[in-house]
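Asks: structure for the following, please:
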Amino acid sequence: MKAMVDEGKIGVRLWVMLRQPNETLARNLAKYRMVDYGNGHLTVRAIKHSIDGALGSRGAWLLEPYSDVPDSTGLNTTSVETIRETAKLAVQHGYQMCVHAIGDRANRETLDIFEEAFKANPDKKDLRWRVEHAQHLHPSDIPRFGRLGVIASMQGVHCTSDAPYVPARLGAKRSAEGGYVWQSLMKSGAVVSNGTDAPVEDVDPIASFYSTVSRKLTDGSVFYAAQRMNRAEALRSYTLNGAFAAFEETSKGSLKVGKYADMVVLSQDIMTIPEAQIPKTEVLYTIVGGKIRYEK
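Replies: Residues are numbered from 1 along each chain as shown. Model prediction:
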């Protein structure tokens, strides 16, 4: 990637998480770390782990058994001890920790690891460690995101993709109290960022924006409407909050003198058109650093 940036072959900006065994990380973290390399085209300052699987396959790690498979609480895919050791390396080398956690136990274990690392390093502030997905939370863990400064890196489109089987997996109570609780997280002071998780979902951000503001399923029903974001919140989750989650809010995330001129031109104003028209919006231009990189 670095060589391709040097050769001018990468037209987008890459923010990369490393996913390697702790032994490999310990040897290489110092030399791998780079921020805004090549005029902001390559940043390597994060480490990724997956502590559980996905809800659809009943791999999400739960505190209580699945409602539709009472003898299973899902999967712990990377040991807590391994992630705890990675957290120590992340603090030592100035990396963000990013942990895929979908089930309520996976999220609790991740928050416990993060909190332990923060308490062991009280001189380290504003680390912006992230939980990737944070889809199903126990109510008592929701306030911990804001209190600890942990970013909920979520994907609006996952909510509407998963919703048809969430009540079967979790039951009505857990679905209502902890399923894709964007508003609950934000009201507790947490930063919620947005994305698409391609290739699990289509890379199209319009579909995820629509899911975020509507939570509407293909059958027309709405999945726990109280947790929807309004359009301003959804736009911020996709722009400034995404930049903040990457320590890039001074260079990206809004149109401002001194920031990179990264922007898109859309076929419709997604902030004002009728909600049902949002999915029909097309990207006409993608502009990176003031240069057109895509034109419909």
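Asks: what's around the spatially closest residue to I206 that is not a sequence neighbour, how many residues?
Replies: Ranked by Cβ to Cβ, 6 or more residues apart in numbering and with sequence neighbours excluded, the top spatial neighbour of I206 is T281, at 5.0 Å. Every residue, glycine included, has its C-beta placed from N, CA and C. Applying the criterion other Cβ atoms under 10 Å, we find 19 residues in the vicinity of T281.
Asks: now do M154
Replies: Other residues near M154 come to 25 when the count uses other Cβ under 10 Å.
Asks: so it touches H136, yeah?
Replies: No: counting by Cβ atoms under 8 Å, M154 stays clear of H136, with 11.3 Å between them.
Asks: shared neighbours of these two, anything?
Replies: Y180 (Cβ atoms under 8 Å, 6 or more residues apart in numbering).
Asks: all helices for the chain, in order.
Replies: In the chain, the helices defined using DSSP state H lie at 2-6, 22-32, 37-40, 80-93, 104-120, 142-148, 156-162, 166-178, 182-187, 205-214, 231-238, 240-244.
Asks: list the buried residues of the last one.
Replies: It stands for helix 240-244. Burial within helix 240-244, assessed by neighbour count using 16 or more other Cβ atoms under 10 Å, is assigned to 240-244.
Asks: what do you get for the second one?
Replies: Buried residues in helix 22-32, defined by neighbour count with 16+ other Cβ under 10 Å: 25-26, 29, 32.
Asks: for those, which two are the farthest from each other?
Replies: For the buried residues of helix 22-32, the farthest-apart pair by Cβ to Cβ is A26 and Y32; their separation is 11.4 Å.
Asks: quick check: domain ranges of the chain?
Replies: 13-259, 261-296 (automatic domain parsing).
Asks: which of those domains is buried the deepest?
Replies: domain 13-259 (a mean of 18; mean count of other Cβ atoms under 10 Å).
Asks: and the nearest residue to V69 once chain neighbours are set aside, how far from S267?
Replies: Of all residues not flanking V69 in the chain, R58 sits nearest, at 5.9 Å (Cβ to Cβ, 6+ apart). In this view, R58 and S267 are 40 Å apart by Cβ to Cβ, to the nearest Å.
Asks: check which helices and strands the strand ranked longest in the chain is in contact with.
Replies: As assigned by DSSP state E, the longest strand anywhere in the chain is strand 42-50. Strand 42-50 sits against strand 14-18, strand 34-36, helix 80-93, strand 96-101, with contacts defined as 3 or more Cβ pairs under 8 Å, 6 or more residues apart in numbering; DSSP states H and E.
Asks: what does that strand rub up against?
Replies: In contact with strand 42-50 (Cβ under 8 Å, 6+ apart) are residues 1-2, 5, 10, 13-19, 25, 32-37, 77-78, 82-83, 86, 89-90, 94-100, 130, 132, 246-248.
Asks: what about stretch 256-266, how long is it end to end?
Replies: 19 Å (Cα to Cα, to the nearest Å).
Asks: what is the rounded mean pLDDT of that stretch?
Replies: If you average the pLDDT over stretch 256-266, you get 96.
Asks: also stretch 127-138?
Replies: 98.
Asks: repeat for stretch 279-292
Replies: Taken as a whole, stretch 279-292 has a mean pLDDT of 96.
Asks: start to end distance for it?
Replies: For stretch 279-292, the first-to-last residue distance is 23 Å (Cα to Cα).
Asks: who touches it?
Replies: Applying Cβ under 8 Å, 6+ apart, the contact partners of stretch 279-292 are 11-13, 39-40, 206-207, 210, 260-268, 270, 273, 293-296.
Asks: how does it look with 7 Å?
Replies: For stretch 279-292, contacts defined as Cβ atoms under 7 Å, 6 or more residues apart in numbering pick out 11-13, 206-207, 210, 260-268, 270, 293-296.
Asks: one step back: dump the helices and strands packed on strand 42-50 into TSV; add distance to Y165 and mean pLDDT as well.
Replies: Listed next are these as TSV, based on distance: least, Cβ to Cβ, whole Å; pLDDT from 0 to 100:
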stretch	distance to Y165	mean pLDDT
strand 14-18	28	97
strand 34-36	40	97
helix 80-93	27	98
strand 96-101	19	98
